[in-house]
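Trainee: With the input below, show me the fold.
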Amino acid sequence: MLMKTQARIMRLFAGQIIRMFTIREIARELKMHVSLAHRAIVPLIKERLLKRNEQKLISIDYSGNHETLAYIEYLRSRDFLSKPKNRDVGMFAMEVTDKIGEESFVLLLFGSAVISPNPRDIDILLIVDDTEKIEFHERFLENICSGFSLKFEPRVISFESAYEMLGKREEANIMNETLNKHLILYGAGLFYRLVKKGRK
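Mentor: Below you'll find the model as predicted:
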């Protein structure tokens, strides 16, 4: 079980999957003493939730512990959706997950909606398990979006497309954008498995 400080650190990394930090940068970002950050990080590295490279830069280890990472993502989305201004996003996510009729999918926010207090629109990404389902799910999402006053910008891709985009690490594409600007509304464990497989 993660301690409170460790959960805060993991939330920082989960929000920026491909970013690397020094311990000093982590402490500064989270407004905590460097020694406290160091004490919390050492067990996270031992448990392979975080990893440290030869330059002593620390990053998230998305190769395993997907249940713990899914829990951290749940905490992030819960905090976001608990704010009154994000109530409609929560209602949208609930409607999609209730009506989708699928079991294996990922639903997330990405882009400016995650980091800006007043985004112009809300970028939504639905990742489904089969290319043949994309067109159906595009219509499905557009239908749900039409019931909200928020300007949702839904996109649908397949697992196969997600792997392909993640494999092109230097390319500007939706999946690479989500890695450092995302909020997972459903399917966090699956999202990390997609990332692990796509970024071999």
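
Trainee: Which neighbouring residues are in contact with L185, exactly?
Mentor: Neighbouring residues of L185 by CB atoms under 8 Å, 6 or more residues apart in numbering: 77, 89, 93, 96-97, 107-109. For every residue, glycine as well, the C-beta is placed using N, CA and C.

Trainee: per-residue confidence for the closest residue to S158 other than its chain neighbours?
Mentor: Closest residue in space to S158, ignoring its immediate chain neighbours: T131 at 4.3 Å, by CB to CB, 6 or more residues apart in numbering. pLDDT recorded at T131 is 95.

Trainee: Which phi and psi values does T131 adopt?
Mentor: Reported as degrees, to the nearest 10, the phi and psi values for T131 are phi -60, psi -30.

Trainee: show me the contacts for it.
Mentor: 158, 160-161.

Trainee: Please apply the same query to F148.
Mentor: Here F148 is in contact with 88, 91-92 (CB under 8 Å, 6+ apart).

Trainee: domain ranges for this protein?
Mentor: 4-60, 83-198 (automatic domain parsing).

Trainee: Name the secondary structure element that contains the residue lying farthest from the centre of the chain.
Mentor: Distance from the C-alpha centroid of the chain, by CA atoms, centre = their mean, peaks at S35 (28.1 Å). Using DSSP states H and E, S35 sits within helix 34-46.

Trainee: can you give me the offset of that helix from its chain's centre?
Mentor: 23 Å (CA atoms, centre = their mean, to the nearest Å).

Trainee: so what secondary structure elements neighbour that helix?
Mentor: On a contact count with 3 or more CB pairs under 8 Å, 6 or more residues apart in numbering; DSSP states H and E, helix 34-46 meets helix 4-14, helix 23-30, strand 50-52.

Trainee: The longest one versus helix 23-30: what angle between them?
Mentor: Direction vectors for helix 4-14 and helix 23-30, defined by axes from the mean of the first three to the mean of the last three CA atoms, to 10 degrees, enclose an angle of 100 degrees.

Trainee: which outside residues touch helix 4-14?
Mentor: 2, 19, 21, 26, 29-30, 32, 36-37, 40-41, 43-44, 49-50, 58-60, 68-69, 72-73, 75-76.

Trainee: And stretch 156-171, by the same measure?
Mentor: Identification of contacts with stretch 156-171 by CB under 8 Å, 6+ apart yields 125-131, 133-134, 137-138, 141, 173-176, 194-195, 197-200.

Trainee: How about stretch 17-33?
Mentor: For stretch 17-33, contacts defined as CB under 8 Å, 6+ apart pick out 5, 8-9, 12-13, 34, 36-38, 41, 53, 56-60, 62, 179-180, 182, 195.
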